[in-house]
Structure formats: structure tokens, C-alpha cells
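1. kindly return the folded structure for what I paste below:
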Amino acid sequence: MRQSGGHIGVDSGPGHGTTFNIYFPRVASAPSVDEARAPEPRRRATETVLLVEDEAELLAIAREILDAEGYTILEAHDPDEALLIAGRYAGPIHLMVTDVVMPKMSGRQLAERLPAIRPETKVLYVSGYTHNAMVQDGMLDPGTSFIQKPFTPEALALKVRAVLDA
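-> Below is the predicted model:
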């Protein structure tokens with residue numbers, strides 16, 4: 001509720017029951033939805049992806065999904081480890097997939113520091129919050145590459161490919 005700018009009103013009285021009113025702000029237009037298309041056959045990936053996720057289970061899931069697509073995977077459990085890996089890894093890092101909300105340093109702060117080490121690396125943000133909520137809270141800029149958790153394996157694979165190809 002709060003992340004969408006809404007609230008709940010409660011009206012209750014003895015012998016009259018309770019009424020809950022749920023309020024969401026009006027939206028000028030519906031978010032755009034990509035038109036459904038027949039899926040194109042995917043080519044085997046060859047790029048290197050740095051995954052940054054503080055929750056070990058989610059990191060393992062993302063690694064498994066992207067590894068199955070053929071990506072070379074580098075894993076970091078926090079932003080400091082990600083910066084260390086980015087500085088030491090000898091090959092190119094084509095994409096960093098990072099959680100937005102993490103202890104010590106946000107994904108955005110990490111992405112702002114990454115170009116000093118890896119100017120060529122693209123960034124895909126991941127969060128359990130909506131992109132609109134992240135933008136409204138100032139955690140992300142409009143137009144940033146983003147995928148919301150939970151995601152399907154296919155959705156993550158397609159989004160990663162789209163960001164790399166952009």
C-alpha cells in the first residue's frame with residue numbers, strides 16, 4: 001500500500017460492524033505493456049554477468065537461470081564484494097544485475113561507483129518493489145533497466161538479453 005502511495009481507512013462502531021476503505025492514487029495512464037509476440041529462438045549467451053544479491057537463495061536462483069542460458073557468472077553477496085570482483089576480474093564484464101536495496105550500499109550507489117572500474121558494464125536493477133515505487137522514492141531514475149521480483153526464469157533471461165542488446 002505505502003509503496004504505491006495508498007492508504008486504508010477504517011470506520012467501526014459498536015453494533016454497526018467495521019468498514020475498510022482502501023485508497024490508491026489515481027493514475028493518469030496505465031503502464032505500457034509490451035505487445036505479446038511469438039518468442040524468437042534464443043541464441044546461446046556468451047557474455048559475462050556479475051550478479052549482486054545479499055540474499056543467498058536469490059543469488060543461487062539467478063545464477064542457475066543465467067548459467068543455463070550460457071552466461072559466465074560472477075557472484076557477489078554485497079556491493080563491496082562486487083567492486084572487488086569488478087576490479088580483479090581479467091575479462092570483460094558485460095552486465096551487472098544488482099538488487100536495489102542492500103545493507104551498507106544500495107544497488108544505485110554501487111552502479112554509480114562501477115564506471116570508475118568498468119565503464120563498459122551495463123546495469124540491470126532488481127527489486128521486490130515496483131519500478132514506479134523505486135522512482136518515486138528516488139532510489140532509481142525513470143528509464144533505468146529494471147525487473148521486479150519475483151520473476152520467472154524466462155522473464156529474467158529475456159530481460160538480461162534485452163539489456164545486453166540495447
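2. going by C-alpha atoms from here, please, whenever you check contacts or count neighbours.
-> Noted.
3. what's Leu164 in contact with, if anything?
-> Neighbour list for Leu164: His94, Leu95, Lys122 [criterion: CA atoms under 8 Å, 6 or more residues apart in numbering].
4. buried residues, the helix or strand that contains it. List them.
-> Assigning secondary structure by DSSP states H and E places Leu164 in helix 153-165. Using 16 or more other CA atoms under 10 Å as the test for burial, helix 153-165 gives Leu156, Ala157, Val160, Arg161, Leu164.
5. do the same with stretch 91-99
-> Ile93, His94, Leu95, Met96, Val97, Thr98, Asp99.
6. what's near enough to touch the third one?
-> For Leu95, the set of contacting residues under the criterion of CA under 8 Å, 6+ apart consists of Thr48, Val49, Leu50, Thr121, Lys122, Val123, Leu124, Leu164.
7. quick one: terminal-to-terminal distance for stretch 98-112?
-> End-to-end distance for stretch 98-112, by CA to CA, to the nearest Å: 12 Å.
8. and the gap between the residue sitting nearest the centre point of the chain and Glu154?
-> Centroid-nearest residue in the chain: Val126, 1.2 Å away (criterion: CA atoms, centre = their mean). Counting by CA to CA, the separation of Val126 from Glu154 is 15 Å.
9. this structure: helices as residue ranges?
-> 56-68, 79-88, 107-113, 131-136, 153-165 (DSSP state H).
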